[in-house]
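> quick check, what structure comes out for this input:
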Amino acid sequence: MTSSSTGSVHNLPFAWRLSRYDPALRNERGSYLGETWTSIDDVGEAVEGRELTLAEYEEVENAYIEAFIAFAEEAGVSQLEVREVEQVPQPFRGGDRVTLSQAADIVRALLREEAICRLESPRDDFLVHVGFDLYMYVGASRPCPNAVRRAEALGLYVEPDWPSPQLPKENG
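Next comes the predicted model:
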């Protein structure tokens, strides 16, 4: 069962794109021009002149999860709902309400491309969506300056005013 909520999550006033990719290395269309790894599938492969280890990958993955938790906590969110499920790790199902700890497990599966779903607050005042190639989108009803600083301190790039491409397009 998936939720079909069409609340304010689609119009959150604050939105960010988080990634490990330096925005200065993008072309005018926004495509990243740097040579780097983009997923857990690259572990064991030669990237940037050396083999990517699982420990290196997990360090970056953990930074994303810590950043997600920082945003959720600063936004005042303690639980999320699993929505728009195509694939989700057991024992979770669409419509489930999960704690931040449980949501962190789902975010890890999303980052590893083992799950396809959206995590949004039941009050529609917060979202976290994960796209391919380690892009994470966060939306909130309030600014989260401490979470932005935390994510940047963890080595992630935080681009403001970047709504999730997983949100349905508005008609009009």
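> name the nearest residue to the residue most central in space within the chain, sequence neighbours excluded.
Central residue of the chain (Cα atoms, centre = their mean): residue 136, 2.7 Å from the mean position. Distance criterion Cβ to Cβ, 6 or more residues apart in numbering; nearest residue to residue 136, sequence neighbours excluded, is residue 18 at 4.5 Å. (Each C-beta comes from the backbone N, C-alpha and C, glycine too.)
> just residue 19 next, same as before
Spatial nearest neighbour of residue 19, chain neighbours left out: residue 135 (5.1 Å); criterion: Cβ to Cβ, 6+ apart.
> contacting residues for that neighbour?
Each residue near residue 135 by Cβ atoms under 8 Å, 6 or more residues apart in numbering is listed here: 17-19.
> what is the nearest of those to residue 163?
residue 17 (8.6 Å; Cβ to Cβ).
> next one: stretch 112-129 to chain centre, how far?
8 Å (Cα atoms, centre = their mean, to the nearest Å).
> list the buried residues for that stretch?
112-113, 115, 117-121, 124-129 (16 or more other Cβ atoms under 10 Å).
> repeat for stretch 46-65
52, 57, 60-61, 63-65.
> ok so, going back, now, of the contacts of residue 135, which are buried?
Looks like these have 17-19 buried, using 16+ other Cβ under 10 Å.
> next step: these restricted to helices.
The helices, defined by DSSP state H, take in nothing from these.
> out of those, which comes closest to residue 164?
The nearest one, if we look at these relative to residue 164 and count by Cβ to Cβ, is residue 17, at 8.2 Å.
> check the closest one and give its pLDDT.
Looking at residue 17, its pLDDT is 96.
> run through the protein and note the low-pLDDT ranges.
In the predicted model of the chain, residues 1-8, 170-172 satisfy pLDDT under 70.
> longest strand in it, by residue count?
Counting by DSSP state E, the longest strand found in the chain is strand 79-87.
> what's the first helix or strand after that strand?
strand 97-99 (DSSP states H and E).
> next, give phi and psi for residue 88.
phi -150, psi 150 (degrees, to the nearest 10).
> any idea how far it lies from residue 48?
33 Å (Cβ to Cβ, to the nearest Å).
> now do residue 103
31 Å.
> may I have the beta-bridge partners of the closest residue in space to residue 162 that isn't next to it in sequence?
The shortest distance from residue 162 to any non-neighbouring residue, by Cβ to Cβ, 6+ apart, is to residue 17 (3.7 Å). Taking DSSP bridges as the rule, residue 17 bridges to residue 137, residue 159.
> who touches residue 17 in this structure?
Contacts of residue 17 by Cβ under 8 Å, 6+ apart are 135-137, 158-159, 162.
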